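Engineer: The following block contains a protein sequence and its predicted model.
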Amino acid sequence: MNILLIAGHGAQDSGAVAKIDGVQYREADLTREVVSNLKKALENYGVNVSVYPTSHDAYTDYKNNKLTSFANFKSYNYVLEIHFNAGGSDLRGDGKIKGDECFWPSRGAATGLETPITSRLFTGSS
């Protein structure tokens, strides 16, 4: 199996930013940390893993028609882009997406991996 990992945001886009106990966390930094660790974990299972250039924001590359300059998406069985959704700052909620999600383009099809991935995000199970 060939998997492409994409760390969300980056370049000039920090993504969500939070300050917790005086420490600032940037989504772009955390997604790169997760991608690095996930690559190692998947390779331990014999999976061929590539990483989209972490100096780039894939969404910006997409908007500038440069996405395929950095990865041949047709050569992968699965592409996983890591993001962390921002939580609302008010107790009643702000109506924005929170939690986890898996989606695929309308021209693609679900692979069956989406539910197992999301069901394990918060349980820590394997």
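Structural biologist: Yep, it's here.
Engineer: any idea how far K40 is from V47?
Structural biologist: 11 Å (C-beta to C-beta, to the nearest Å). No exception for glycine: its C-beta is placed from N, CA and C like everyone else's.
Engineer: quick one, what contacts the residue nearest the centre of the chain?
Structural biologist: What sits nearest the mean C-alpha location of the chain, by C-alpha atoms, centre = their mean, is I82, with 1.0 Å. Applying C-beta atoms under 8 Å, 6 or more residues apart in numbering to I82 gives the contacts 5-8, 31, 34-35, 38.
Engineer: circling back to that earlier point, which of V47 and K40 has more neighbours?
Structural biologist: The residue with more neighbours, out of V47 and K40, is V47; 14 against 10, by other C-beta atoms under 10 Å.
Engineer: lowest-confidence helix or strand of the chain?
Structural biologist: Lowest on mean pLDDT, DSSP states H and E among the helices and strands of the chain sits helix 114-120, with a mean of 71.
Engineer: Can you name the residues in contact with the longest helix along the chain?
Structural biologist: If you go by DSSP state H, the chain has its longest helix at helix 27-43. Contact with helix 27-43 is made by 3, 5-10, 13-17, 49, 51, 54, 57, 80, 82-84, 86, as judged by C-beta under 8 Å, 6+ apart.
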